[in-house]
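Colleague: take this sequence and fold it.
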Amino acid sequence: MTLICFLFPLLGLEALSHGTCSVCLRHRIVDSVNKAISRATDVDLICIDDIGLLPVSADAAEGFYRVVEASYEKRPLAISSNIHPSGFDELMRKTIATATVDRLLHHAHLCQTSGESVRFMHNWTL
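Modeller: Model prediction:
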């Protein structure tokens with residue numbers, strides 16, 4: 001992970017300073033997909049961190065698509081991933097991946113980072 005790990009908290013704080021409501025959700029297994037989507041799309045800024053870090057089940061892939069679809073052209077959506085959008089079809093069925101990436105990139109500002117992990121570099125300096 002590079003400096004992107006600091007971007008989401010700062011993005012949320014900046015949104016709050018302008019009077020918007022932002023919520024970072026951590027979807028729990030006990031939450032229903034509809035409940036999670038309803039909570040996620042009821043804010044001004046949606047931040048989803050580390051897509052593809054863990055294996056993605058078919059239900060999780062569908063839930064991710066549904067959040068993207070529900071927010072498409074309605075509210076800002078910030079996503080971080082170590083996987084380039086062109087590789088999302090390795091995480092989920094190609095049809096869902098294509099539809100998801102199409103909506104994500106339509107109005108996107110793609111920020112690619114590179115370099116060593118901030119956490120890894122910090123461990124070496126201790």
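
Colleague: number of residues surrounding the closest residue to H107 other than its chain neighbours?
Modeller: The shortest distance from H107 to any residue that is not its chain neighbour, by C-beta to C-beta, 6 or more residues apart in numbering, is 7.2 Å, and that residue is E73. (Each C-beta comes from the backbone N, C-alpha and C, glycine too.) One way to gauge burial is a neighbour count; for E73, by other C-beta atoms under 10 Å, it gives 7.

Colleague: what about E73, which SS state?
Modeller: coil (DSSP: H, G, I helix; E, B strand; the rest coil).

Colleague: any idea how many residues pack against the closest residue to I46 other than its chain neighbours?
Modeller: Distance criterion C-beta to C-beta, 6+ apart; nearest residue to I46, sequence neighbours excluded, is L77 at 4.7 Å. Other residues within reach of L77 by the criterion other C-beta under 10 Å amount to 20.

Colleague: my guess is the residue nearest to H107 contacts L104, does it?
Modeller: No - in this structure E73 lies outside contact range of L104 using C-beta atoms under 8 Å: 11.6 Å.

Colleague: which stretches in this structure count as strands?
Modeller: For the chain, strands defined by DSSP state E occupy the ranges 22-24, 45-51, 77-81.

Colleague: quick one: closest of these to V118.
Modeller: Taking C-beta to C-beta as the criterion, strand 77-81 is the member of the strands of the chain that comes nearest to V118, at 13.2 Å.

Colleague: list the neighbouring strands of that closest one plus their orientation.
Modeller: In the sheet, strand 77-81 lines up against strand 45-51 (parallel) (DSSP bridges).

Colleague: in the partner strand, what's buried?
Modeller: 45-49, 51 (16 or more other C-beta atoms under 10 Å).

Colleague: what is the most widely separated pair among those?
Modeller: Every pair in those was compared (C-beta to C-beta); the two farthest apart turn out to be L45 and I51, at 16.5 Å.

Colleague: picking up where we left off before, mind checking how far the residue nearest to H107 is from R39?
Modeller: Using C-beta to C-beta, to the nearest Å, one gets 20 Å for the distance from E73 to R39.

Colleague: kindly report the same for D102.
Modeller: Distance check for D102 against R39: by C-beta to C-beta, it reads 24 Å.
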